[in-house]
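K.L.:
Give me a 3D structure for the following:
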Amino acid sequence: MAITYKKAGVNIDAGNELVKRLKKNLPKIGGFGGLFPVEKTKYNLVSSTDGVGTKLKIAFLVNKHDTVGIDLVAMNVNDLICVGAKPMFFLDYFACGKLNVGQAENVIKGIAEGCEISGSQLIGGETAEMPGFYKDGEYDLAGFSVGIIEKGKEITGKNIKPGDVIIGLPSSGPHSNGYSLIRKVFSDAELKKHSKALLAPTKIYVKEILAALKKFNSKKQNITGIAHITGGSFYDKIGRILPQNAGAVIEKSAWKVPEIFKLIQKKGNVPEKDIYRTLNMGIGMVLIVKPSAALAVKKFFKGAKAVGYIKKGEKGVEII
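P.N.:
Numbers count the residues shown, from 1 in each chain. A predicted model of the protein is given here:
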């Protein structure tokens, strides 16, 4: 029997429908980061909020809590960088049934490490004990990040044109998405066996992308779009930044898919379209780049691959 993300309990379409409805009254939501103009200055603040999801269940299973805090920061700051914003500060929310001080300390050390990697500061947070709400030994995490960007320098995708090249940056693993599917595919014994690959912390791309923007976008916008490949993966996240009358083509033969993704797909008999709408398949971030700068941008990032292109036509993403 084929396992899909929906059968695992996650309905991406329902989440998209909620955003669509909310945008009727809140038109500014739905992007990778929310922009807030600071009056009488040349800057916008950019905000993001996210969690780690059911990846935490694997951390509980193997009693390893020192990396999920990095995931928490990564899921937020990687969204901010899609707009081109430099992360400034971070706040966390740690909720549990009964506080295990040592466990919480390990989690928060990971959050502090993630902030250091991203060049932001952990300035506060909230620890909530809610007896009876969480199982013993379990907790949930949420994070909130704020960044800054000069007005007019935001990366919005509006300048994406047919002929632009899609550059993919390698992921460190499944990052923090698709774990409901992964946990449906693997038994607890298999989750333990593959826990090193599955708990690899989400790669934080902030510093290298900021450096690339400084190098390639200082005079003109050579990098026209950036997408963080998380929930909804290639189809939804790249589709989010495309302008009308522009489609993205992803060539899946352009990079070597890491073995953990192949194993998940084979073990779960996951349909091709579903796996590329659920997991990052080894590409954690994509940059859409003007053809004249594509080679230089690809060389700038270690392990980057040209994974597709923009074509004229209906807005959407095609994987071939």
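K.L.:
And the strands in the stretch 151-300 of the chain?
P.N.:
Counting by DSSP state E, counting those that start in this stretch, the stretch 151-300 of the chain has strands at residues 165-170, 223-228, 246-250, 283-289.
K.L.:
Let me have these in CSV, adding mean pLDDT as columns.
P.N.:
Converted to CSV, the strands of the stretch 151-300 of the chain look like this (pLDDT from 0 to 100):
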stretch, mean pLDDT
strand 165-170, 98
strand 223-228, 97
strand 246-250, 97
strand 283-289, 98
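K.L.:
how about those, which one is nearest K158?
P.N.:
Smallest distance to K158 across the strands of the stretch 151-300 of the chain (CB to CB): 8.2 Å, for strand 223-228. Using the backbone N, CA and C atoms, a C-beta is placed for each residue, glycine as well.
K.L.:
Go ahead and measure how far the closest one is from the middle of the chain.
P.N.:
Chain-centre distance of strand 223-228: 12 Å, with CA atoms, centre = their mean, to the nearest Å.
K.L.:
Pipe the strands of the stretch 151-300 of the chain into JSON lines and attach distance to I155 and mean neighbour count per row.
P.N.:
Putting the strands of the stretch 151-300 of the chain into JSON lines (distance: least, CB to CB, whole Å; neighbours: other CB atoms under 10 Å) gives the following:
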{"stretch": "strand 165-170", "distance to I155": "14", "mean neighbour count": "24"}
{"stretch": "strand 223-228", "distance to I155": "5", "mean neighbour count": "26"}
{"stretch": "strand 246-250", "distance to I155": "15", "mean neighbour count": "21"}
{"stretch": "strand 283-289", "distance to I155": "9", "mean neighbour count": "27"}
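K.L.:
Give the next helix or strand downstream of the helix or strand encompassing C82.
P.N.:
Taking DSSP states H and E as the definition, C82 sits inside helix 68-83. Using DSSP H and E, the next helix or strand after helix 68-83 towards the C-terminus is strand 86-96.
K.L.:
That next one pairs with which strands, parallel or anti?
P.N.:
strand 121-129 (parallel), strand 139-150 (antiparallel) (DSSP bridges).
K.L.:
Please identify the most buried of those strands.
P.N.:
Of all these, strand 139-150 has the most neighbours on average by mean count of other CB atoms under 10 Å, namely a mean of 21.
K.L.:
So for that strand, mean pLDDT?
P.N.:
Mean pLDDT, strand 139-150: 97.
K.L.:
what angle do it and helix 68-83 make?
P.N.:
30 degrees (axes from the mean of the first three to the mean of the last three CA atoms, to 10 degrees).
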